[in-house]
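Enquirer: Could you look at this predicted model? Sequence included:
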Amino acid sequence: GEDVEQSLFLSVREGDSSVINCTYTDSSSTYLYWYKQEPGAGLQLLTYIFSNMDMKQDQRLTVLLNKKDKHLSLRIADTQTGDSAIYFCAESYNAGNNRKLIWGLGTSLAVNP
Amino acid sequence: DVKVTQSSRYLVKRTGEKVFLECVQDMDHENMFWYRQDPGLGLRLIYFSYDVKMKEKGDIPEGYSVSREKKERFSLILESASTNQTSMYLCASSYLWGPNQETQYFGPGTRLLVL
């Protein structure tokens, strides 16, 4: 079945770049997503990429998509302590007449001063 | 801005109680979802609804039911709460149609403790 995998933990120093990786299985996905969850809060949509794109940049965030390898990455430039959170990767898939999201387990990013 | 609100941030209930979790969205979204989030298990879909009075089971519907009487409101019901339902509950909504139909917007979550 469909699956999304991502590493569970990442630790970086403040000011460095962070790269969070994700692999997915459904080649029919139209959108792939990155969500951010701060402690005790709900999920916040961070960015997404359409499946016919290779790259998307949004200020400090860069999303790279390698469709051949079904690999998605999120790069955060100049990582700040406020970026400490759990980052979820998600892919869309067909569920009958609807489309739903399959979620990775989340990568916990720790930013050390 | 999309706004999804949940009736409580924290709830403490006793085993066997009936529990209602309410979710309201203001974006006229057709789809609404209930997830639970547990450490090491990520987000698991309990139920979703794509229209008023319509519902479909997600991956872990056992022990839960839902109600969608109005488009903007989606309720999750624990008929008889058990300790293994202690969790963070997240509500989300999205459009059914359109170019961005899959993008889900989340509420702040309800942390439920069942004693």
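Expert: Nice, thanks for sending it over. Because the structure is a prediction, the values reported are computed rather than measured.

Enquirer: neighbours around residue B:86, how many?
Expert: 16 (other C-beta atoms under 10 Å in any protein chain shown). Where you see a C-beta, it was placed from the backbone N, CA and C, and this is true even at glycine.

Enquirer: should've said residue A:26
Expert: With other C-beta under 10 Å as criterion, residue A:26 counts 18.

Enquirer: Please name the residues that touch it.
Expert: By C-beta atoms under 8 Å, 6 or more residues apart in numbering or on different chains, the residues touching residue A:26 are A:2, A:91, A:92, A:93, A:102.

Enquirer: what ranges do the strands span in chain B?
Expert: B:4-6, B:10-13, B:19-25, B:31-38, B:42-51, B:54-57, B:65-70, B:73-78, B:87-94, B:105-106, B:110-114 (DSSP state E).

Enquirer: do the same with chain A
Expert: Listed in chain order, the strands of chain A (DSSP E) span A:4-6, A:9-13, A:18-24, A:31-37, A:43-50, A:55-58, A:61-66, A:71-76, A:85-95, A:98-103, A:107-112.

Enquirer: And the strands of chain B: which comes nearest residue A:47?
Expert: Nearest to residue A:47, of all these, is strand B:105-106, at 14.0 Å by C-beta to C-beta.

Enquirer: got the contact list for the closest one?
Expert: Residues contacting strand B:105-106 (C-beta under 8 Å, 6+ apart): A:35, A:42-45, B:2, B:4, B:25, B:27, B:29, B:90-94.

Enquirer: follow-up on the earlier one: greatest separation within the contacts of residue A:26: which pair is it?
Expert: Taking C-beta to C-beta as the measure, the contacts of residue A:26 span a maximum distance of 9.8 Å, between A:2 and A:92.

Enquirer: picking up where we left off before, among the strands of chain B, which is nearest residue A:8?
Expert: strand B:42-51 (10.1 Å).
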